[in-house]
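Asker: Everything below, folded, please.
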Amino acid sequence: MRDHADHHDAELLLRLYDLRREAKLRQAREWFLREFKADSPQDLVKRFPPGSQEHAFYRMVASYWEMAASFVNHGLINEDLFFENTNELWVVWQKIKHLAPETRKKFENPHVWKNLEVVSEKFEKWFERRAPQGIEALRRVVVEGWREK
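Answerer: Purely as a prediction, here's the structure:
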């Protein structure tokens, strides 16, 4: 990773942001963050069958963030700049990571969502350095939601 972000990093980050603002992806992200829950790949297909709008939304969100993570993993965008501007990638990984082992096995592809996994791990370490209890607080919000206690 380069030490300092430059205008190319900023341009790519803004382009990724523009893609996130596209109406269909915005709708998919909103649904995914609020509604997506699957206990297993089989449960995913049962709840959100292939051909349904929800299944399309799930694939759209997972593939968008896998693509964005690949940019980070290949050094195309500065990690610090990327992490400072979104934690949504990490949230998406938290919601699907338990599906990864069986999905990778089914497709005989150990690389399914690998970029998401690697960047999420990097994000956790980065976040912990900046806010030592922050990642656990973020994890509680993701798992428990924004419920008042």
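Asker: could you pull out the helices for this structure?
Answerer: 7-21, 23-35, 41-47, 53-73, 79-85, 88-96, 100-106, 114-130, 134-144 (DSSP state H).
Asker: Dump the ones you listed into a markdown table; add mean neighbour count as well.
Answerer: Any C-beta I mention is one placed from the backbone N, CA and C, and that applies to glycine too. Below are those laid out as a markdown table (neighbours: other C-beta atoms under 10 Å):
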| stretch | mean neighbour count |
| --- | --- |
| helix 7-21 | 13 |
| helix 23-35 | 14 |
| helix 41-47 | 14 |
| helix 53-73 | 18 |
| helix 79-85 | 17 |
| helix 88-96 | 20 |
| helix 100-106 | 14 |
| helix 114-130 | 17 |
| helix 134-144 | 13 |
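Asker: Rebuild these as TSV, extending it with mean pLDDT.
Answerer: Formatted as TSV, the helices of the chain follow (pLDDT from 0 to 100):
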stretch	mean pLDDT
helix 7-21	93
helix 23-35	96
helix 41-47	97
helix 53-73	98
helix 79-85	95
helix 88-96	96
helix 100-106	97
helix 114-130	97
helix 134-144	85
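Asker: Quick check, central residue of this protein?
Answerer: Per C-alpha atoms, centre = their mean, the C-alpha nearest to the average position across the chain is that of Leu89, at 2.6 Å.
Asker: Give me the distance between it and Arg29.
Answerer: 11 Å (C-beta to C-beta, to the nearest Å).
Asker: Quick check: chain neighbours aside, which residue is closest to the residue nearest to the centre of the chain?
Answerer: Counting by C-beta to C-beta, 6 or more residues apart in numbering, Leu89 lies nearest to Trp65, which is 4.8 Å off, once chain neighbours are set aside.
Asker: I'd assumed Val92 was in contact with the one you found.
Answerer: Yes. In this structure, Trp65 is within contact of Val92 by C-beta atoms under 8 Å, at 4.8 Å.
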